[in-house]
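**Student:** okay, predicted coordinates and the sequence, questions at the end:
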Amino acid sequence: MKYSGMNMEQVKRRNRAAILNYINETGPVSRKDIATATGLTPAAVTQICSVLMEEHILEELGRAHSEGVGRKKVLVNINYDHTYLYAINMEPDGVKIALSNLKGDAVAKTLYSFDDQKSPRETLGEIAREAKKLGAGHRNLPIGGVSVAISGIVDKKKGLSVHAYGIWDEQVKVCEILESEFDLPVIIENNVNALAVAELLYGFGRQIDNILLIKWGPGVGSSMILKKELYEGTDRKAAELGHYIVEKDGAKCSCGRRGCLETKVSYPALCRIRPFAYDEFGVALAESEELKDALDLFARCIVNTVTIVSPNRVILCGSLFRSESVRRELIDACKKYDAAIDEERVSYTDLSDREDYIGPVATFLDHVIRFS
C-alpha cells in the first residue's frame, strides 16, 4: 500500500491496522490470503505478523485442513486473550462494569448505582474499587487497561467527559482520575459511539459499510458508521437523533436545549404517559394511543435521518427495543412514511446479550488495532 503525506511510522501502523482489521473480520487466515486481501507484499505481511506474534497480539493456529495437494496454509488469528480490560459503561440509569477479553467474553460483571450526593471524583473512585474486586478474583489474567463508555459529549484526546447527559453537568477528567486509581492506561468514548464500534468489529459492520445505529433507553442516542469508519463530525455531535428539535418551546432536555426528541420519547418521558418497566413496554404500547403517538414521532425522525444520510442498514439496540413487538410497531410506522425502510433495511443488534459492556470492549480493541 502507498500513502502520500505519511511518514514510515504512520505507514507501518496503517499496515498493521489493515492486517488486524482483516483478521478480525474473517477469522483465522493465512499470511498469503492476508497479502491478497490487503494489497501488501507477502514479505511485508510475514514481517508484520512476526512482530505481532512476538507481542502476543497474533497467534498461529496450525495448518489449515485441505483436500488438495501441496503444502497446507498456516493460519494466524488475533489472540483475543493476550490482554483483558476493565470495561466500564456509564449511563444515567447506572454503571455496568465487566472484566473481559478483547473478544467481549466477560469473565465477571457487576453493577454500580449513582449516588447524587457524591462528587464525580468520589464516584469514579468507587467504580474503580468495584472493578478491582472483579480483578482480585482473576489474578492470573493479564489486565492491560481500562475502557470507559459514557453518555454525552467526550473529548477522547484529553480524556474528558465534557457533558455527561443525565450524569454530570460539569467537565470531568475521567481518564486522569481512573489512571491514578488503576495505574493502567484509560481510554474514553461516548457510549453510543462505542456501540457503533462494537457493531463494526463484532456485528453487522463486518459485512456492511454504512450503518445508522439507534439506541433507545433510557434516552435516545444514535451514531453513524460511514465506509467502515465512525463518523463524528466537527464537534463530536454528529447524528444526534435524540436531540432533534421536535417541539417549539418544549421541555428542557438534559443537553440544555428545549424541545428535543428525547424529551418526548425517552424512558422517563414515556413513563409520564403511562408507567411501565422496560420489559413491559410492548404491552404498554399496545394499550396506549399516546405511547403510539410518541412512537410515530420517533419513526418520523428516523425516516428523516435515513433520507439525509442514506445508510445501508439501520441497527436498533437499547432496552426499549428488546421487545419484538415494539420493533415491529416502529418499522411499520416508518414504512407508512417511506416504504423502503422495512425489515430488510432495519435490523436488531446481534450483540444484545452483551450490550451492557461490549461498547467499551470494542473501543479498546479498536485502540489495539489502530495504535498497537
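**Tutor:** In hand now; what should we look at?

**Student:** I'd say residue 109 and residue 95 touch.
**Tutor:** No - between residue 109 and residue 95 there is no contact under Cβ atoms under 8 Å: 11.2 Å. Backbone N, C-alpha and C define where each C-beta goes, glycine included.

**Student:** the more surrounded of the two?
**Tutor:** residue 95 (23 against 15; other Cβ atoms under 10 Å).

**Student:** wait, is that one part of a helix?
**Tutor:** No - under DSSP: H, G, I helix; E, B strand; the rest coil, residue 95 falls outside any helix and is assigned strand.

**Student:** show the contacting residues for residue 160.
**Tutor:** 154, 171, 172, 173, 174, 175, 188 (Cβ atoms under 8 Å, 6 or more residues apart in numbering).

**Student:** and with 7 Å instead?
**Tutor:** Shown in contact with residue 160 (Cβ atoms under 7 Å, 6 or more residues apart in numbering): 154, 171, 172, 173, 174.

**Student:** look up how far residue 136 lies from it.
**Tutor:** Residue 160 is 29 Å from residue 136, where distance means Cβ to Cβ, to the nearest Å.

**Student:** about what we covered before: next, give me the two most distant ones among the contacts of residue 160.
**Tutor:** 154 and 173 (11.5 Å; Cβ to Cβ).

**Student:** quick one, which of the two is more surrounded?
**Tutor:** residue 154 (26 against 18).

**Student:** what helix or strand is that one on?
**Tutor:** Using DSSP states H and E, residue 154 falls within strand 153-155.

**Student:** can you give me the buried ones in the next helix-or-strand element following that strand?
**Tutor:** Sequence order places strand 160-163 as the next helix or strand after strand 153-155, per DSSP H and E. Neighbour counts over strand 160-163 (16 or more other Cβ atoms under 10 Å) mark 160, 161, 163 as buried.

**Student:** identify the bridge partners of residue 189.
**Tutor:** residue 149 (DSSP bridges).

**Student:** tell me where this protein has helices.
**Tutor:** Listed in chain order, the helices of the chain (DSSP state H) span 8-26, 31-38, 42-54, 120-136, 174-182, 191-202, 262-265, 267-273, 281-287, 289-309, 324-337, 358-371.

**Student:** rank these by pLDDT, which is bottom?
**Tutor:** Mean pLDDT is lowest for helix 8-26 out of the helices of the chain, coming in at a mean of 91.
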